[in-house]
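> the following block contains a protein sequence and its predicted model.
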Amino acid sequence: MATLDDIARQLQISKSTVSKALSGAVDVSEAMRRSVLETAVELGYTRAPRGNEAPRIALFVTNMEYQSPDDFGHDIILGFRKLAEPAGFQVNIIPLDRQMQRQMRYDEYMVMGRYQGSFFLGMSLSDPWLKEFETCKSPTVLYDNHITSNPHVTHVGVDNEEGIRLAVSHLHSLGHENIGYLSGDLQSYVYQKRMDAFSKAMSDLGLAADPTLMGDSLELSGCLSIHLPRLLKNGCTAIVCSHDLYAQGIMTRCQELGYRVPEDISIIGFDDLPLCQHTTPTLTTIRQNRDELGRSAYCALSSQLSQVPLSTFLLHAELVKRESCFKF
C-alpha cells in the first residue's frame, strides 16, 4: 500500500505538506493540493481512519429508491450492512448525482473521504463516473454494471439471462408464441442485457423475436402510449417486462382497454417487488433476492480489500408463479 512518504518522494516535498494537502489545510495552494491528490490516486494511496474511527465504506445510490421497505434498494442496502457493520466497517450512504460526479474524480473523492472501498447502486451508462471505473484504483463493486479489464472493479447482480429465459420458457410452456417485450430506457446496462436475453431466449425456443413486439422507453408513459398499442394490435398474447413497475402499469392499461389479464394477455415482471402480491391479478415475476444481493456485494468488496480481484458475482434468478399468466 502506498504511504504519505511515497507521495512526498514522488513530488519531492515534505510529508507534512502531503498530510496538510490531503486534510484541506488553508496554507496549501490549490495547485499543490491537486498535485498531491492526483499523485495519491496514481499510487493507489488509501487514507487510514482517524484515531479510533471505524474504516469507511461508501455506498453510493442514484436513480434508485431505497428509504422505504417497499423500495427496490432498501433490502439490498440492509443486506450489505448486515455483513459490513459487524465486520467493523462504517457504511456511509451517499446520494449521488451528476453534478457531484463532475465536481471531483471518483478516486479523488474516495481518497478525500477516507473510504476503503465502495458499492454503487443505480448507475446508468451516461453517468460521468462510469467511464472512470475502467481505470480507477479504488476497490469498487457495481450492482448491474459490468466493467471489463479492471481488477479493482467487481460486478454483482442476478443472472439476467437466466431470469429472462425462465420467463420466456414459462410462457412458451403455456402455449404462447407471440410474446412481446417492453423495457425501461436502454441507457441502463441491465435493461440492455435483459432485452438481449429476451431475443436469445426466443431464438433458443425456435420463436421469432419480432421487433414489432418489442419496445423501450425512458418513462412508462412512452410504453403505454406507443409500444403497448402496437403489441396488442399485432396479436401479442403475452408480455415480458423489464421490471415490475412497468408490468404493473401495463397490466392496468390492458385492463382499462378491456383486455382480461391473464385470459386475454399474460404478463410477467422482473424483480419481485412487494407490490407483486397485491396487484389484481397477482403478478408472476422473476425474483431477485435483494438481501442476498446486498450480502454478495459485501463479499465481493471484502474480496477486493483482501487483494482477490473478482470480476463478476451473479446470483441465480427464480421464477415466482402467481396469477398473471394463463394457458393459451
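Received the coordinates, thanks. Numbering: from 1, shown residues only.
> need the contact list for the closest residue to residue 287 other than its chain neighbours.
Spatial nearest neighbour of residue 287, excluding adjacent residues (Cβ to Cβ, 6 or more residues apart in numbering): residue 272 at 3.8 Å. All C-beta spots, glycine's among them, are computed from the backbone N, C-alpha and C. Going by Cβ atoms under 8 Å, 6 or more residues apart in numbering, residue 272 touches 244, 285, 286, 287, 288, 318, 320.
> go again using 6 Å as the cut-off
Residues near residue 272 by Cβ atoms under 6 Å, 6 or more residues apart in numbering: 285, 287, 320.
> need the pLDDT of the last one.
Listed pLDDT for residue 320 reads 98.
> can you check the second one too?
Looking at residue 287, its pLDDT is 97.
> quick one: contacts for residue 91?
57, 59, 81, 84.
> that one looks like it's in a helix, true?
No: under the criterion used here (DSSP: H, G, I helix; E, B strand; the rest coil), residue 91 is strand, not part of a helix.
> who's it bridged to?
residue 57 (DSSP bridges).
> follow-up on the earlier one: tell me the one among the contacts of residue 91 nearest to residue 133.
residue 59 (15.7 Å; Cβ to Cβ).
> now that closest one: which helix or strand?
Taking DSSP states H and E as the criterion, the element that holds residue 59 is strand 56-61.
> how about the helix or strand following that strand: buried residues?
As assigned by DSSP H and E, the chain's next helix or strand after strand 56-61 is helix 72-84. Neighbour-count burial for helix 72-84 flags 72, 73, 74, 75, 76, 77, 79, 80, 81, 83, 84 (criterion: 16 or more other Cβ atoms under 10 Å).
> from residue 235, how far out is the last one?
With the distance defined as Cβ to Cβ, to the nearest Å, residue 84 ends up 50 Å from residue 235.
> this protein: strands as residue ranges?
56-61, 90-95, 115-121, 140-143, 153-158, 179-183, 214-216, 238-241, 266-271, 284-287, 312-315, 318-320 (DSSP state E).
> tell me which of the ones you listed sits nearest to residue 248.
strand 266-271 (7.3 Å).
> from the contact counts, what lies against that closest one?
Counting contacts by 3 or more Cβ pairs under 6 Å, 6 or more residues apart in numbering; DSSP states H and E, strand 266-271 packs against strand 238-241, helix 244-256, strand 284-287.
> before we move on, back to that, now distance to residue 46 too, for the strands of the chain, in a markdown table please.
What follows is these, written out as a markdown table (distance: least, Cβ to Cβ, whole Å):
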| stretch | distance to residue 46 |
| --- | --- |
| strand 56-61 | 10 |
| strand 90-95 | 15 |
| strand 115-121 | 6 |
| strand 140-143 | 13 |
| strand 153-158 | 16 |
| strand 179-183 | 39 |
| strand 214-216 | 40 |
| strand 238-241 | 42 |
| strand 266-271 | 35 |
| strand 284-287 | 37 |
| strand 312-315 | 22 |
| strand 318-320 | 38 |
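> to residue 39, which of the ones you listed lies closest?
Using Cβ to Cβ and comparing the strands of the chain, the one that lies nearest residue 39 is strand 115-121, at 18.1 Å.
> can you give me the buried ones in that closest one?
115, 116, 117, 118, 119, 120, 121.
> quick check: closest non-adjacent residue to the fourth one.
The spatial neighbour of residue 118 that comes closest, neighbours along the chain excluded (Cβ to Cβ, 6+ apart), is residue 58 at 4.2 Å.
> and residue 33, what does it touch?
By Cβ under 6 Å, 6+ apart, the contact list for residue 33 reads residue 21.
> next one: it from residue 40, what distance?
11 Å.
> got the domain ranges for the chain?
Listed by automatic domain parsing, the domain ranges of the chain are 1-32, 52-158+292-317, 160-287.
> just the mean pLDDT for the first one, thanks.
Which is domain 1-32. The model assigns domain 1-32 a mean pLDDT of 87.
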